[in-house]
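A.B. asks: structure, please.
(one chain, ligands or ions: 1)
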Amino acid sequence: MKVGQSLDVPENTEVLDYRNFTITPGLIDSHTHILTNQGLNEDLSIDAVMNSSESRVLRAAYFADSYLNAGFTTIRDLGNSGQYLDVEVKNAIEKGYIKGPRMLVSGPIIGSMDGQFYHLPVKDFQRISEQEQTMISGVEEAKKAVKEHIVQGVDVIKILAIGNRLTLSLDEMKAIVQTAHEQRLKVTVHCDRDWAVQAAIEAGVDGVEHGYGFRDTTLKIMAKKGIYLVPTYGSVKGAVHYHEIMNLKYNIEDIRNSLERRGKDLIRASQLGVRIVAGSDAYHDTKMPRGDDAKQTIWGYYDYGLSAEDVLKTATANAAIALEMKDQIGVIKENAFADLAVFEGDLKKDFKKSLFQVKMVMKDGKIQYQK
Ligand SMILES: [Zn+2]
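C.D. replies: Numbers count the residues shown, from 1 in each chain. Next up, the predicted model:
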């Protein structure tokens, strides 16, 4: 891609005039689960029990397309994707068999022996947990799990600091991080408790997913070490939508108050210098296109008090740094990939409206969506 005011344009080049629109780098969602679609009333495990790998892959192709149409040209998919089904979908997109954003994938989440599932009979618990996650015990298994993931073609390692009851030990996390870093892969940790993130930070993880209610001291250490945070917090709009499709009564003020703490967490982390990276964690069946659902998180960041510019940064430049692709994506500059999203109106002035009015999406120089 070339960028400039007065470039030599070869004859017969198609000219797209977007002077009354807003052009951004293609958006990046750094925390997706396109192989999962959890019913709003269901446990996380139900989707993996009730659907074959084949149907999950086909459904993921549909979600991938939806992401692209919403303006996301790169997503990082972080597990709950069976046995490397994420790698299959990523490869199909790369080969052009299906349409979708560029994908970076983690394969099964690596965690302790009890994983993330519960409410399942014992025999199903074991089977589903082994299908959806890599459960390890001890340093040697930790190292082996990372190597197996790399052989299968993952781009990033995701670990589960806290399972149902067990946590990964410091030594296990250190072994995972060291093995991944030796092979030039980054490690991100699912962690929503301040006490549990301390060991992950000590083990040397590169990023933290969720991060509810971290103390200032923790956030300061993250800022100092350059550990990014992916705050997968819901938005008021998302919560209202949930109540409406579930036919539940709600009071808008109650919803606002219940999310106020998350908003304060986000602003605090940002003000303390932590790099904020947009990640939707969209995996519910919310009866709206998955790409639009993912944008609810970005909308939330804006409601919580980040400026439109800062919000966009979390889903472009900041994300590109976290994904180790800062010269290729999340930026409009010479030699970067030609990933662009065009929005109707002025995204800066009319953020909420404009964000959902996608005019055109280009990935790697090719138009993928046009209205
Ligand atoms: Zn998640």
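
A.B. asks: please make it C-alpha for all contacts and neighbour counts, starting now.
C.D. replies: Will do.

A.B. asks: so which residues of this protein form strands?
C.D. replies: For the chain, the strands defined by DSSP state E cover 21-25, 27-32, 72-77, 102-105, 109-111, 133-135, 156-160, 186-191, 207-210, 228-230, 340-344, 358-363, 366-370.

A.B. asks: show me the one of the ones you listed that comes nearest residue 247.
C.D. replies: Shortest distance between residue 247 and these, using CA to CA, is found for strand 27-32: 26.6 Å.

A.B. asks: packing partners of that closest one?
C.D. replies: Judged by 3 or more CA pairs under 8 Å, 6 or more residues apart in numbering; DSSP states H and E, strand 27-32 is in contact with strand 72-77, helix 317-322.

A.B. asks: got CSV for the ones you listed, with mean neighbour count, distance to residue 295 and mean pLDDT too?
C.D. replies: Below are these laid out as CSV (neighbours: other CA atoms under 10 Å; distance: least, CA to CA, whole Å; pLDDT from 0 to 100):
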stretch, mean neighbour count, distance to residue 295, mean pLDDT
strand 72-77, 27, 9, 98
helix 317-322, 23, 15, 98
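
A.B. asks: distance to residue 217 added to the ones you listed, as a markdown table?
C.D. replies: A markdown table is the format used below for these (distance: least, CA to CA, whole Å):
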| stretch | distance to residue 217 |
| --- | --- |
| strand 72-77 | 28 |
| helix 317-322 | 22 |
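
A.B. asks: what's around residue 286, how many residues?
C.D. replies: 18 (other CA atoms under 10 Å).

A.B. asks: residues in contact with it?
C.D. replies: Neighbour list for residue 286: 39-40, 242, 245, 293 [criterion: CA atoms under 8 Å, 6 or more residues apart in numbering].

A.B. asks: just the ones in helices from those residues, please.
C.D. replies: If you go by DSSP state H, the contacts of residue 286 have 242, 245, 293 in helices.

A.B. asks: closest to residue 252 out of those?
C.D. replies: Closest to residue 252 out of the ones in helices among the contacts of residue 286 is residue 242 (12.3 Å), distances taken as CA to CA.

A.B. asks: excluding chain neighbours, give the residue nearest to the closest one in space.
C.D. replies: residue 286 (7.0 Å; CA to CA, 6 or more residues apart in numbering).

A.B. asks: may I have the phi/psi pair for the one you found?
C.D. replies: Dihedral angles of residue 286 (phi, psi; degrees, to the nearest 10) stand at phi -90, psi 10.

A.B. asks: now do it against residue 38, distance only.
C.D. replies: The gap separating residue 286 from residue 38 is 9 Å, by CA to CA, to the nearest Å.

A.B. asks: same deal with residue 273?
C.D. replies: Taken as CA to CA, the span from residue 273 to residue 38 is 34 Å.
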